[in-house]
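> Below are the sequence and a predicted model for it; my questions follow.
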Amino acid sequence: MSAEIRSRVFAFVPISAAVVLLAGATLGFFFWEAVVVPVRVGALDDAALVFCVLFGAVVAYAAWQAYGQYFSRRAGVRFARSLQYDALTWLPFWLLWLTFALTPVIGSGSRYFAVAVGLFCVGKVLIAARFNQTVREVLVDFVLTRGAIIVIAELAAVIIGQRPGPHIQESRHLLLAVWGRWDAVHYLTIAAQGYHGIEPAFFPLYPLLIRLIGHFAQDDLIAGLLISNAAFFFGLLYLYKLLEHEYDRTVARRAIFYVSIFPTAVYFSAVYTESLFFFLTVASFYYMRSQRWLVAGIFGFFAALTRSEGLLLVVPFAIEWFVRYRARPVSGWREAAAGLLIPFGLMLYMAYLWVLRGDPLYFSHVQSHWGRAAAMPWVSIVSAFHRLLHTPTGQVTAIQSLDLAFTTLMIVVLAVGWRRLRPSYIAYMALSILAPLCTSSLMSMPRFALVLFPMFAILSRWGERPWVNSTIVAFSLPLLGLFTVLFANWYWVA
């Protein structure tokens, strides 16, 4: 770099620092207004204001510097250039000053804060995509597939109209209400009112996040949509990195595409746990493979608080740790103990139910409301065939056929392609298929297949053959469009 160019680059750094410092001071001021002022500290008000403003500026500056170093190292760009680009992401926090002029018209200060944080995160993703191929490919895949699904769902809701009968509308706005169908009603109810009746069947992390984000967004449905779509993006990112490490970039790229166009992928964008669970499980596997056991255990802990199947992560954790221990016996038992965080997530929810209901397994017992009960795995398959043969209605026949078809798909892919997977992947996929089979019902199997990421790793390897790739795409895209239309209009899909 010439001296002239270098001087121009570094000339922007003081300006960027000023942008960040002002953003941090803004955050400090509004923290003071929202938290300190209501407690009425009297004579300390002025001192508290100065402290909050200065503290906010210092923290923002330190965070800017730390992230600049991280991004410079990961993206391979100069530190000064990294700082210059990242400073742009802090500009949205200046929007908080609009609360003094526009709050009565548009919304509360917390909503402005939610918008600013959202723009802050989006800005970082866009800048990362500018310099990093992985982020760029994941972002393109995410935007194109989510955009198509949203357009199809919204058009279906407007043109076709919802299925006849009474339905709960989670929003007065038709375009938002599309995403609050079926189980979404339960999650939004838990977020707003807590657990009652059959609601303990739905695990707490997702509704807890909805309640937290909804406090700032001022709308639980919008909060759920933000959580689901953000989690799906990071789930794709982790899956890409995981499979790139296991195989290569081409396999990873194909796998995230197959996940994004899977027939039930509409649930990744709805107020459902699929995207959050997908993100947490893939991230846990990623850190297992990176031998960062504590981080893997933490992600597993949150996965077990999202769905009961999160407990299954204990098995691949143990397998990966044992493989590592056998290769290098000096590996400590402290690392293995991190795996105990995974069942602790489930135990924590069971303890809560014990206090709430006097039954730590109430989340399982209440499944009888949906016709589920513990049974041998073949019982659910026999039951599905019985309904298929003895129920004359076309809708039931179609639903049972889909459940059987997707169950068969999972089993066949595992049976044929298991040699392409690590033992931990095989165990996780087998247990993830077995667990719902042991509930005497195949209900929702197409949706359970959605988060079974080892299946997509196998399909991606098979997709190296052009005819296999064409077959997967040819079947996935039309079914995804059909399922999206059905979901948007209150027809049961999975």
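That came through fine. Numbering: from 1, shown residues only.
> just for the stretch 251-400 of the chain, where's the confidence low?
Along the stretch 251-400 of the chain, segments meeting pLDDT under 70 span 329-332, 392.
> in it, which spans are helices?
Secondary structure of the stretch 251-400 of the chain (DSSP state H, counting those that start in this stretch): helices located at 274-289, 293-304, 314-327, 333-337, 341-357, 362-365, 377-390, 394-417.
> Where is the longest helix in the protein?
helix 45-75 (DSSP state H).
> care to break this structure down by domain?
3-131, 135-488 (automatic domain parsing).
> just those domains: most buried one?
Comparing these by mean neighbour count (mean count of other CB atoms under 10 Å), domain 135-488 ranks first with a mean of 19. Every residue, glycine included, has its C-beta placed from N, CA and C.
> and that domain, how far from the chain's centre?
Offset of domain 135-488 from its chain centre (CA atoms, centre = their mean, to the nearest Å): 9 Å.
> first vs last residue of that domain, how far apart are they?
30 Å (CA to CA, to the nearest Å).
> Name the residues that touch stretch 302-322?
203-206, 273, 276-277, 280-281, 284-285, 288-289, 291, 293, 296-297, 300, 331, 335-336, 339, 342-346, 348-349, 363-364, 423-425, 427-428, 431-432, 435 (CB atoms under 8 Å, 6 or more residues apart in numbering).
> In the stretch 1-150 of the chain, what residue spans correspond to strands?
Assigned by DSSP state E, counting those that start in this stretch, the stretch 1-150 of the chain shows no strands.
> so where's it uncertain?
Within the stretch 1-150 of the chain, the segments meeting pLDDT under 70 span 1-13, 40-45, 102-109.
> what do you get if the cut-off is 80, keeping everything else the same?
Applying pLDDT under 80 to the stretch 1-150 of the chain picks out residues 1-13, 35-46, 98-111.
> which residues in it form helices?
So, for the stretch 1-150 of the chain - with DSSP H, counting those that start in this stretch - the helices run 3-31, 45-75, 79-87, 99-106, 109-131, 133-159.
> so can I have JSON lines of those showing distance to residue 379?
Formatted as JSON lines, the helices of the stretch 1-150 of the chain follow (distance: least, CB to CB, whole Å):
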{"stretch": "helix 3-31", "distance to residue 379": "56"}
{"stretch": "helix 45-75", "distance to residue 379": "50"}
{"stretch": "helix 79-87", "distance to residue 379": "56"}
{"stretch": "helix 99-106", "distance to residue 379": "55"}
{"stretch": "helix 109-131", "distance to residue 379": "46"}
{"stretch": "helix 133-159", "distance to residue 379": "35"}
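> Select, out of the ones you listed, the one closest to residue 359.
Across those, residue 359 has its closest neighbour in helix 109-131 (37.0 Å, CB to CB).
> could you dump the helices of the stretch 251-400 of the chain to CSV with distance to residue 110?
Below are the helices of the stretch 251-400 of the chain laid out as CSV (distance: least, CB to CB, whole Å):
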stretch, distance to residue 110
helix 274-289, 22
helix 293-304, 25
helix 314-327, 38
helix 333-337, 40
helix 341-357, 27
helix 362-365, 32
helix 377-390, 46
helix 394-417, 41
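> Which among those is found nearest to residue 52?
The nearest among the helices of the stretch 251-400 of the chain, by CB to CB, is helix 293-304 at 30.7 Å.
> Mind telling me what element residue 492 is part of?
According to DSSP states H and E, residue 492 maps onto no helix or strand at all.
> separation between it and residue 183?
According to CB to CB, to the nearest Å, residue 492 and residue 183 sit 11 Å apart.
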